[in-house]
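Engineer: With the input below, show me the fold.
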Amino acid sequence: MLLVLILSIVQMNWVYSQDLQWPLHTVCSSDRLTVTYRSCDPLQDVGFTFLPCPNRLTDPMNIRLAFILRQSIDELYLSLELLIKDVYVYGRDEPLCLPRFPRFTFCGSRRGELITIDSSFKSKVDLPLKGDFHLNLRAINQDGFQIVCVNATISIQ
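Structural biologist: You can find the predicted model right below:
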């Protein structure tokens, strides 16, 4: 009986000490640029990379986002927010998939599929930016189900 009590107490402490957030992932770390992100979806982490890690924003980079669908996406709506020092600077809500207007290959994907989005990016202007920029990204399907949620921090030296 004493052994059961001790194991119960140890188990309770282990459960309560678990971190309820996904780990902080470092996507890129160079002399000038550091990008980290964390999934804000309580049920699923997201894979995100960009290679190579640029020293300047005008350097080309390849971006990849990957996740497993927990719900189908006949319609998909993206919400994006940019904050500087916790002050809202920019926001955009954009439909990515509509019933008669599938803009991307993942539109119409079904539950359980692995979604991989590959793209490239190169800024035309090397802006003299410095500081920490917080980017919050959420995508919701036609039923209001959260498909993906990511909070990223872009630190420019």
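
Engineer: Please, where are all the helices along the chain?
Structural biologist: Counting by DSSP state H, the chain has helices at residues 2-16.

Engineer: Residue ranges in the chain under the pLDDT threshold?
Structural biologist: Scanning the chain for pLDDT under 70 picks out 1-19.

Engineer: where along it do the strands fall?
Structural biologist: 25-29, 33-39, 47-51, 61-68, 76-84, 87-98, 101-102, 114-121, 131-141, 146-156 (DSSP state E).

Engineer: who touches Ser120 in this structure?
Structural biologist: Contact analysis of Ser120 by C-beta atoms under 8 Å, 6 or more residues apart in numbering lists Pro60, Met61, Asn62, Ile63. C-betas here are computed from N, CA, C, even on glycine.

Engineer: Settle this for me: the third one is touching Pro54, isn't it.
Structural biologist: No. If you go by C-beta atoms under 8 Å, Asn62 and Pro54 don't touch, sitting 10.7 Å apart.

Engineer: what about those two, which has more around it?
Structural biologist: Pro54 (19 against 12; other C-beta atoms under 10 Å).

Engineer: before we move on, back to that, now distance to Gly108 too, for the strands of the chain, in JSON lines please.
Structural biologist: Compiled in JSON lines, the strands of the chain are given as follows (distance: least, C-beta to C-beta, whole Å):
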{"stretch": "strand 25-29", "distance to Gly108": "28"}
{"stretch": "strand 33-39", "distance to Gly108": "24"}
{"stretch": "strand 47-51", "distance to Gly108": "22"}
{"stretch": "strand 61-68", "distance to Gly108": "16"}
{"stretch": "strand 76-84", "distance to Gly108": "10"}
{"stretch": "strand 87-98", "distance to Gly108": "7"}
{"stretch": "strand 101-102", "distance to Gly108": "6"}
{"stretch": "strand 114-121", "distance to Gly108": "11"}
{"stretch": "strand 131-141", "distance to Gly108": "11"}
{"stretch": "strand 146-156", "distance to Gly108": "13"}
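
Engineer: give me the beta-bridge partners of Thr93?
Structural biologist: One correction, residue 93 is Asp, not Thr. Counting by DSSP bridges, Asp93 is bridged to Ser79.

Engineer: okay but it is in contact with Ser79, surely?
Structural biologist: Yes. Counting by C-beta under 8 Å, Asp93 does reach Ser79; the two are 5.1 Å apart.

Engineer: If you count surrounding residues, which of these two has more?
Structural biologist: Ser79 (14 against 11).

Engineer: Much appreciated, bye for now.
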